[in-house]
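S.K.: Structure of the sequence below:
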Amino acid sequence: MHISSGPFMFILYVENRQLSSEFYSKLMERTPELDVPGMTEFRLSEGVVLGLMPNSGIARILAPVCPHPVAGTGIPRCELYFRVQDADRATGFAVSCGAALVQGAQDRDWGDRVGYVADPDGHIIALACPIAHTQA
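M.R.: Numbering: from 1, shown residues only. So this is what the prediction gives:
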């Protein structure tokens, strides 16, 4: 199988697409490139897109082979690892946007300072910067 050079899309299944769209708009301080009832898309960087698809929409494709995605709402099903300039400030900002605090920013043994929050559907968002950056 040959995978093309992009764009690459990562799609989160969400219970309330409008609520999630507003949350990610605030969090990433950008407007979606596509915002229609069946999908919201945010360009994260050249060739990388974050999509938000309603549980009810994807369920029509997945049924009856897979469980309805609503059964997983609130259960951490993935992690988005975002690079930021200041993990402590970004974690606080995410909480002010409506994220649930999972764990405040801490130095991790892999060399990053990372704070963890959960979006309205329980998807985990890691907000990370190099430890060396925080000591400057």
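
S.K.: alpha carbons only for contacts and neighbour counts from here, please
M.R.: Will do.

S.K.: The most centrally placed residue in the chain sits in which helix or strand?
M.R.: Residue closest to the mean C-alpha point of the chain, counted by CA atoms, centre = their mean, is L80 at 4.8 Å. Following DSSP states H and E, one finds L80 within strand 79-83.

S.K.: Then A132?
M.R.: Going by DSSP H and E, A132 is in helix 131-134.

S.K.: quick one: the longest helix seen in the chain to strand 79-83, angle?
M.R.: In the chain, taking DSSP state H as the definition, the longest helix is helix 17-28. If you take axes from the mean of the first three to the mean of the last three CA atoms, to 10 degrees, helix 17-28 sits at 30 degrees to strand 79-83.

S.K.: partners of the residue nearest to the centre of the chain in the sheet?
M.R.: Going by DSSP bridges, L80 is paired in beta bridges with I125.

S.K.: coming back round to it: now do the longest helix of the chain: distance to the chain's middle.
M.R.: 10 Å (CA atoms, centre = their mean, to the nearest Å).

S.K.: before we move on, what about stretch 38-55?
M.R.: The answer for stretch 38-55 is 10 Å, by CA atoms, centre = their mean.

S.K.: With stretch 70-83 instead?
M.R.: Counting by CA atoms, centre = their mean, stretch 70-83 comes out at 7 Å from the chain centroid.

S.K.: re the thing from before, what does the average pLDDT come to for the helix holding A132?
M.R.: Averaging pLDDT along helix 131-134 yields 71.

S.K.: and if you look at stretch 24-32?
M.R.: On average, stretch 24-32 scores 97.

S.K.: repeat for stretch 80-100
M.R.: 97.

S.K.: what do you get for stretch 44-56?
M.R.: Here the average pLDDT along stretch 44-56 is 95.

S.K.: Now do it: distance to the chain's middle.
M.R.: Centre to centre, stretch against its chain (CA atoms, centre = their mean), the figure for stretch 44-56 is 9 Å.
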